[in-house]
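# quick one, what's the 3D model for this:
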Amino acid sequence: MSAKILIVDDEELIRWSLSQDLANSGYKTVVAADLAEAAAALESENPDVVLSDLRLGQDSGLDVLKLARRGNPDLPVIIMTAFADLASAVEALREGAADYISKPLQLAGLKITLKRVLETAQLRRRLDRAHQKGRDKYNFASIVAESSSMKDALSMARKISASPFGTVLILGESGCGKDRFARAIHYGSSRAVEPFMEISCTAIPENLLESELFGYEKGSFTGAAGKKQGLFEIADGGTVFLNEIGHMPMSLQGKVLRALEDKTFKRVGGRDDITVDV
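Have a look, this model is predicted:
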């Protein structure tokens with residue numbers, strides 16, 4: 001399905017020409033001459049992206065941007081203007097504009113910008129759906145508990161999830177729900193929109209576990225044809241769940257301890273410290 005673009009410009013010729021050119025490129029277009037018409041179109045047309053001039057008579061494209069983001073924070077807005085200057089560009093981007101282009105518009109460049117902005121918005125929606133699915137499936141309410149000990153553990157896990165402190169040790173018999181607790185803590189925390197990466201310390205051979213956790217540099221061992229990020233780097237800002245950590249080789253435990261305490265590590269074969277927040 002083709003994307004719908006709301007074009008906001010106080011010059012009729014520009015509205016018409018942009019609408020025609022973009023329609024010929026397969027987009028659906030809606031036009032507005034001022035802030036009031038833009039507000040009505042945002043309400044009734046549900047556009048996929050807004051393309052707004054910065055100068056709109058008594059109003060501003062920044063007003064359109066704020067109005068659009070108030071109704072839909074994820075709606076991308078591209079600001080265009082003949083008054084291209086750094087100050088207005090910085091202000092537009094600070095207010096949340098997806099991009100900033102100057103007039104006279106180059107149609108080929110505009111199409112590239114639209115394609116990139118729409119693809120980014122689509123990817124963000126997919127990630128949001130995936131995160132919401134995780135929240136729905138792995139929230140604390142999904143854990144069934146009747147015994148007082150499990151209820152106490154759930155209460156503690158909720159407090160941990162709401163706190164800024166991030167290193168948690170979960171102990172329990174096999175099958176009691178350690179994995180569910182780990183995921184509930186992640187999805188109930190401020191890190192919920194960031195990656196949740198799980199690795200089983202028993203499922204990966206000892207000689208490969210370090211490179212899976214920390215990554216490796218090109219040429220660090222036979223077969224290392226290029227640089228690879230490990231789970232700690234990929235999960236930066238989110239959560240790493242080390243399942244069955246008690247089975248981790250002693251030779252690796254010191255490196256993992258440093259990563260947990262200092263948030264730093266070296267890739268296999270690397271010299272530089274890498275800092276992450278997991």
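# all helices of the stretch 1-150 of the chain, in order?
When assigned using DSSP state H, counting those that start in this stretch, the helices of the stretch 1-150 of the chain occupy the ranges 12-24, 35-45, 61-71, 86-94, 107-138, 148-162.
# where does this structure dip in pLDDT?
Low-confidence segments of the chain (pLDDT under 70): 1, 83-86.
# same thing but 50
Across the chain, nothing is flagged by pLDDT under 50.
# about what we covered before: now mean neighbour count and distance to N207 too, for the helices of the stretch 1-150 of the chain, in TSV please.
Backbone N, C-alpha and C define where each C-beta goes, glycine included. Below are these laid out as TSV (neighbours: other C-beta atoms under 10 Å; distance: least, C-beta to C-beta, whole Å):
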stretch	mean neighbour count	distance to N207
helix 12-24	15	56
helix 35-45	16	57
helix 61-71	19	50
helix 86-94	14	47
helix 107-138	14	32
helix 148-162	14	33
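# can you list these in a markdown table and add distance to L169?
Shown next, in a markdown table, are the helices of the stretch 1-150 of the chain (distance: least, C-beta to C-beta, whole Å):
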| stretch | distance to L169 |
| --- | --- |
| helix 12-24 | 56 |
| helix 35-45 | 49 |
| helix 61-71 | 41 |
| helix 86-94 | 41 |
| helix 107-138 | 19 |
| helix 148-162 | 11 |
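# of these, which is nearest S220?
In terms of C-beta to C-beta, the element of the helices of the stretch 1-150 of the chain nearest to S220 is helix 107-138, at 31.6 Å.
# hang on, the earlier thing: among the helices of the stretch 1-150 of the chain, which comes closest to G254?
Closest approach to G254 among the helices of the stretch 1-150 of the chain (C-beta to C-beta): helix 148-162, 25.0 Å.
# tell me what that closest one is packed against?
Helices and strands touching helix 148-162, by 3 or more C-beta pairs under 8 Å, 6 or more residues apart in numbering; DSSP states H and E, are helix 178-187.
# who does the helix it packs on touch, helix- and strand-wise?
helix 107-138, helix 148-162, strand 196-200, strand 239-243.
# make TSV from the ones you listed and add distance to L231 to it.
Shown next, in TSV, are the helices and strands packed on helix 178-187 (distance: least, C-beta to C-beta, whole Å):
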stretch	distance to L231
helix 107-138	17
helix 148-162	21
strand 196-200	5
strand 239-243	6
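# looking at those, spot the one closest to A40.
Per C-beta to C-beta, nearest to A40 of those: helix 107-138, 22.1 Å.
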